[in-house]
Structure formats: C-alpha cells, structure tokens
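Show me how the following folds:
(2 chains)
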Amino acid sequence: MAVLLLAEVTDGALALDATAKAVTAAAKLGDVTVLAAGASAAAAGEEAAKIAGVAKVLVAEDASLGHRLAEPTAALIASLASDYEHIVAPATTDAKNVLPRVAALLDVMVISDVSGVVDGNTFERPIYAGNAVQTVKSNDAKKVISFRTSTFDAAGDGGSASVETISAAENPGLSEWVEDKVAASDRPELTSAGVVVSGGRGVGSEEDFKLIEGLADKLGAAVGASRAAVDSGYAPNDWQVGQTGKVVAPELYVAIGISGAIQHLAGMKDSKIIVAINKDEEAPIFQVADYGLVADLFDAVPELMEKL
Amino acid sequence: MKVLVPVKRVIDYNVKVRVKADGSGVDLANVKMSMNPFDEIAVEEAIRLKEAGKADEIVVVSIGVKQAQETLRTALAMGADRAILVVAADDVHTDIEPLAVAKILAKVVEEEQPGLVLAGKQAIDNDMNATGQMLSALLGWSQGTFASELDIDGDNAVVTREVDGGLQTIKVKMPAIVTVDLRLNEPRYASLPNIMKAKKKPLDEKTADDYGVDVSPRLEIISTTEPAARAAGIIVGSVDELVGKLKEAGAV
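Okay, the predicted model is just below:
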C-alpha cells in the first residue's frame, strides 16, 4: 500500500535532512509519495523527487498553504487520504501541528514520534519523556504517523520520481499568518547539525550563555539548551533539547553545566559521542557521557576554546 | 467569555518512572500523581484572562479515572470556578487515547459553549501531543498550538507559537483551541484558604457513556520496555586529555 509523506517545506525551501530521514522510515511501509505544499513548493518538490526511494511527488501551491497553517494543510491531506494507508511526516513542530488534525478528520489515532517500525501496523515510540519505549499496534484502517528523525538515517539522492501538480483544498479561513520571528543565525540547524554544544542551569545566566555560544561557534556547532536553562530564561525555547523540545543525534554532543535529567537525555542519547562538563561528579549526565570532565565550566570552557 | 480547560492526572513530574518487569506498562500503583505540568500552565492562563476581565468563567474538565477529581480540585484551588469529571476508566493504568478524549471534549464543548479551550500541548505520560489539534478538527474550530503568548482581542486571538527555528505569530478566529507551551506563564501555587474553598466549588461527575462516546483504544499496547541503556564512558582528568581523546576519536 502507498504512503503519503508530508515534506517539511519552509518558505518554499525543502528541509532535506528531516524529509530524507522520514523517507527512510516511510519506505519500510510501502511506495512513498511525497507531498510538497506551500505558497511556493515546486522547487522543494523537484528536490524531493531526487531523494532515493521516493516514487512520486505531489506539489500543491496555494497562498493558503504558505505558512503551514494547520487548517488548510490538514484539509488538503485529508482530501488525498483515500489513496493511502499511511500518512506520515518527520516529527517537526509543523507536522505535530498538522497530523493530529488530519487523524481526527479521518477518525483514526495519530501515532507521534515513532522511533522504530516493526511492521505496517506496529510501531515503537518513546513515552514518559523517554523513560520507556512502547510498542503499539494500530487497529485503524489508516495510520497517521510522525517519525522521530534522529533514529533514522537520511535516504540518499539519485531518485527520479515523477512530479505532479495538484490543487489545494478549500481554505476554511480560520486562521491567518502574522509573522515569523526566526532567530537570525549563521549556525547550523539544531536537529541536523553534526556538532551540538548545549548549556544547562549550571551556566547561571543569559549573559554567561554567550560562553556556550562561543564554544559552539568555535566548533561550527548548533547551540542547545536543557529545559532547566530555558525555564530559567537563559536560552530561547527553540534551543531546547529533550523530550519536550528537540531530539538530536549529532556526531558530537557537548553538554555543559547540564545535570542530565531523563527528559534531557531522551533528546540527545542517540548522539555518537557525548562529552559532559560538570562540576558535580554525581551528575547523571556522566552515566551517558563517553568523555566526562569534572570541572567548573567557567574554567574549562575557555581553556577548551583555547586548545581546540 | 467562558474558558474550558481540560486537565489530565499524570505521574508527578519529579517521580522516577519504573517500567514493570513483565513489559505490561509503567508502574502507577502507589505513585505520586499530579496535574500534567502543561495543563497547569493552561489553567494559569485561563485565570489570568479572568483577572484581566477577558473571561468570566473557567470550567475545568478531566477524563479518566475517578481519582482525577483530585486533579480537578487542584485546578479549582488555583482559581477555576467549576469542574466536570468524566469517568472513563476504572484502572489507573488505563490511558484514554487522545482521539476518545477529544470526542468527549467535543460533547462537553457543545454543552458548555465556551469561547476558548485552553489545553496543555502534550501530556507527560503518553507524550502524544494530539488532543488539542484533534478537538479542533472535530469542532471545525481554529487552532493555535504551542503558545508562548496569547492575546485575546474580540473575535480573534493572536497566538505566538514555539516552532522549530523560532516563533510564529498567527491570528485565529474565535472560538479557538489554544494549546500552551512552557514559556507562556509560571503557574501559581494554590493557597491554603483557596484549597479549603475549592472543596466547596461544584464538581459534576459524568461517564463516557453519558456522552455516548466509545473510548475503546485504537492502539493496542504490545509491550512497554526500558529504553536501551548507553554504556558509560570515561572520566578525563583535564581539558588537555579531553582534547586528546576527541582528536583521537576524530570528533574535532
């Protein structure tokens, strides 16, 4: 049976990494049709057509789809649903906004943040902030699923899927976009970065978080933060790594002044190499770190920057 | 305007979760339970709307086991006016799925006719992040999810949303469903006098059958297991040693 995959398209550009990882997961379920929707989405659709394993691309361009508002996007997907058994997307904030709405329109349950595919009906997903992994079997005729991208490898290129243009569904006109405040940054995107440097409550203030940012820039890394650091106002929420924030799996993850609450570990434990710097030698972060350094971060981080 | 706030009884945020050895689920017997932290933020926001003169009544509703009335009393002690408990399960280990919860909430909305539903963005037990969006679909209402700011302005609500890469601001038509994220506010603690007063506030008890909603699960739970453990590494003695190890591993 066929799979419809909602590509991650932001202002006309395809988020290739997230979409290609979802393609890998979706390919286990059947032939993958990618839906690229947006005010402009043709270029994103052309790019998605080159992902290996994509059988077909649908491009829907309409002003109403411009900022991935949930209502028109969900209406479009629901209108296409009859041809597909699985409707999937990478588990981004956009998809989490849209997919449950799609599922309810189809009278099926949504299965969020799937980390493993057992078979076409059976999936693994973390629950309780990653403290447990649940295997669930869907008894619904259609399965609506978001995939936790950090647990799947990105599909390669070399595909040559056909591209078809479709029209948008009727816009219910319930909401309108006002503005985006995207942090202007030359740093890599957090969920696809090769290196992530994160700070926790131990950093102590928004000002001192500059130290974390400095190390990140030195390493060409994205900046992350623990929920404690976000709650304390040291860092913006879109930097939050953890079950209630972003899930990352970089080559190198550097945790500074982070104690290692389970909800944070759930967001980074699939990283290839984990470095922890914390002055509390009992901090649980050391139990998952490949290299731990028990030190005051205000001494260790400047020294590290100097010596790297 | 009436504001409806659904709240869920979940394992307390600070309690270490234990997976049962037989793989049947997470042990919830004799464990401290509390209001889902995101729902506390939703209750707080509703109270602030009332304090600002933008809401006149706050109705809290919980769907689950009978014990959820403790959670409702907490919301009443914070400042909600009235509560509805919908008993839909007997066993504390039974989790009513977001689709069924949304269907019951849709019926409650029909009866209560609120101008706004404020909900937590996700429950910290099943982490599904779905109920608000599903309710919005069932009612054909607008949705503003993951809110970090909310401004009600007559027939519209301006919602600033926490999204990947930053913030998005949208304007939604009322009535609306707004789901709340961490930074929207800091919930208050209930004072002792308010806890006493809350005991006298009205709490209606209903069942899922009263609303004619089938709550049988769509997802069959096959097993619940501990996540794979990561092997601990080594403690290095100095920054120099750390840099050396990282270079050896080809990480820098």
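
Tell me the residue of the stretch 151-252 of chain B that sits nearest chain A?
The minimum distance from the stretch 151-252 of chain B to chain A, using C-beta to the nearest C-beta, falls at B:Gly233 (3.6 Å). (C-beta placed from N, C-alpha, C; glycine too.)

Isn't that residue up against A:Tyr291?
Yes: using C-beta atoms under 8 Å as the test, B:Gly233 is close enough to A:Tyr291 to be in contact (5.7 Å).

where do the helices sit along chain A?
Taking DSSP state H as the criterion, chain A carries its helices at A:16-26, A:42-48, A:70-80, A:93-105, A:209-219, A:227-231, A:262-268, A:297-307.

Turn those helices into CSV, including mean pLDDT and mean neighbour count.
Putting the helices of chain A into CSV (pLDDT from 0 to 100; neighbours: other C-beta atoms under 10 Å in any protein chain shown) gives the following:
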stretch, mean pLDDT, mean neighbour count
helix A:16-26, 97, 25
helix A:42-48, 98, 21
helix A:70-80, 97, 23
helix A:93-105, 97, 27
helix A:209-219, 96, 19
helix A:227-231, 93, 23
helix A:262-268, 89, 24
helix A:297-307, 96, 17
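
Now render these as CSV, adding distance to B:Thr224.
Supplementary listing: those in CSV, determined by distance: least, C-beta to C-beta, whole Å:
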stretch, distance to B:Thr224
helix A:16-26, 21
helix A:42-48, 35
helix A:70-80, 30
helix A:93-105, 22
helix A:209-219, 36
helix A:227-231, 24
helix A:262-268, 15
helix A:297-307, 37
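
how many other residues sit next to the residue of the stretch 151-252 of chain B closest to chain A?
Burial of B:Gly233, expressed as a neighbour count using other C-beta atoms under 10 Å in any protein chain shown, amounts to 18.

circling back to that earlier point, who touches both of B:Gly233 and A:Tyr291?
By C-beta atoms under 8 Å, 6 or more residues apart in numbering or on different chains, B:Gly233 and A:Tyr291 have these common neighbours: A:Ile274.

that older thread, please name the residues that touch the residue of the stretch 151-252 of chain B closest to chain A.
Counting by C-beta under 8 Å, 6+ apart, B:Gly233 makes contact with A:274, A:289-292.

Next one, pLDDT for it please.
Looking at B:Gly233, its pLDDT stands at 90.

burial measure for the residue lying closest to it once chain neighbours are set aside, as a count.
When the adjacent residues along the chain are set aside, B:Gly233 lies closest to A:Asp290, with 3.6 Å between them (C-beta to C-beta, 6 or more residues apart in numbering or on different chains). Using other C-beta under 10 Å, A:Asp290 has 22 neighbouring residues.

A:Asp290 contacts A:Ala255, correct?
No: when contacts are counted by C-beta under 8 Å, A:Asp290 is not listed as touching A:Ala255 (11.1 Å).

All the helices of the stretch 101-250 of chain B, residue numbers only.
For the stretch 101-250 of chain B, the helices identified by DSSP state H, counting those that start in this stretch occupy B:131-139, B:192-198, B:239-248, in order along the chain.

what about the first one, near chain A?
Yes: for helix B:131-139, a contact with chain A is found by C-beta under 8 Å from any C-beta of the partner chain, at B:131-138.

Output those as a markdown table; include the columns pLDDT and neighbour count.
Output for those, formatted as a markdown table (pLDDT from 0 to 100; neighbours: other C-beta under 10 Å):
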| residue | pLDDT | neighbour count |
| --- | --- | --- |
| B:Thr131 | 98 | 30 |
| B:Gly132 | 98 | 30 |
| B:Gln133 | 98 | 29 |
| B:Met134 | 98 | 29 |
| B:Leu135 | 98 | 30 |
| B:Ser136 | 98 | 31 |
| B:Ala137 | 98 | 27 |
| B:Leu138 | 98 | 20 |
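
right, and A:Ala235 touches A:Ala225 too?
Yes: checked against C-beta under 8 Å, the pair A:Ala235 and A:Ala225 is within contact range at 3.6 Å.

what sits against residue 101?
Just so you know, I chose chain A. A:70-71, A:74, B:133-134, B:136-137, B:143.

nope, chain B
For B:Val101, the contact set (C-beta under 8 Å, 6+ apart) comprises B:6, B:63, B:131, B:134.

Tell me how many other residues surround the residue nearest to A:Ser79 when sequence neighbours are not counted.
Nearest in space to A:Ser79, with sequence neighbours left out and distances taken as C-beta to C-beta, 6+ apart, is A:Ala169 at 4.6 Å. Counted with other C-beta under 10 Å, the burial measure for A:Ala169 works out to 20 neighbours.

before we move on, back to that, need the residues touching each of A:Asp290 and A:Ala255.
Common neighbours of A:Asp290 and A:Ala255, counting by C-beta under 8 Å, 6+ apart, are A:274-275.

Which stretches in chain B count as strands?
Using DSSP state E, the strands found in chain B span residues B:2-6, B:9-11, B:33-35, B:57-64, B:82-87, B:116-120, B:142-153, B:156-163, B:166-173, B:176-180, B:203-207, B:219-225, B:234-236.

Dump those into JSON lines; add mean neighbour count as well.
Conversion of the strands of chain B to JSON lines gives the following (neighbours: other C-beta atoms under 10 Å in any protein chain shown):
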{"stretch": "strand B:2-6", "mean neighbour count": "26"}
{"stretch": "strand B:9-11", "mean neighbour count": "24"}
{"stretch": "strand B:33-35", "mean neighbour count": "21"}
{"stretch": "strand B:57-64", "mean neighbour count": "25"}
{"stretch": "strand B:82-87", "mean neighbour count": "22"}
{"stretch": "strand B:116-120", "mean neighbour count": "28"}
{"stretch": "strand B:142-153", "mean neighbour count": "22"}
{"stretch": "strand B:156-163", "mean neighbour count": "22"}
{"stretch": "strand B:166-173", "mean neighbour count": "20"}
{"stretch": "strand B:176-180", "mean neighbour count": "28"}
{"stretch": "strand B:203-207", "mean neighbour count": "15"}
{"stretch": "strand B:219-225", "mean neighbour count": "16"}
{"stretch": "strand B:234-236", "mean neighbour count": "16"}
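
May I see those strands arranged in JSON lines, with distance to A:Leu5 as well?
Output for the strands of chain B, formatted as JSON lines (distance: least, C-beta to C-beta, whole Å):
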{"stretch": "strand B:2-6", "distance to A:Leu5": "31"}
{"stretch": "strand B:9-11", "distance to A:Leu5": "32"}
{"stretch": "strand B:33-35", "distance to A:Leu5": "36"}
{"stretch": "strand B:57-64", "distance to A:Leu5": "32"}
{"stretch": "strand B:82-87", "distance to A:Leu5": "36"}
{"stretch": "strand B:116-120", "distance to A:Leu5": "28"}
{"stretch": "strand B:142-153", "distance to A:Leu5": "21"}
{"stretch": "strand B:156-163", "distance to A:Leu5": "20"}
{"stretch": "strand B:166-173", "distance to A:Leu5": "22"}
{"stretch": "strand B:176-180", "distance to A:Leu5": "24"}
{"stretch": "strand B:203-207", "distance to A:Leu5": "40"}
{"stretch": "strand B:219-225", "distance to A:Leu5": "21"}
{"stretch": "strand B:234-236", "distance to A:Leu5": "41"}
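
Ok, which of these comes nearest A:Gly260?
Among those, the nearest to A:Gly260 by C-beta to C-beta is strand B:234-236 (14.1 Å).
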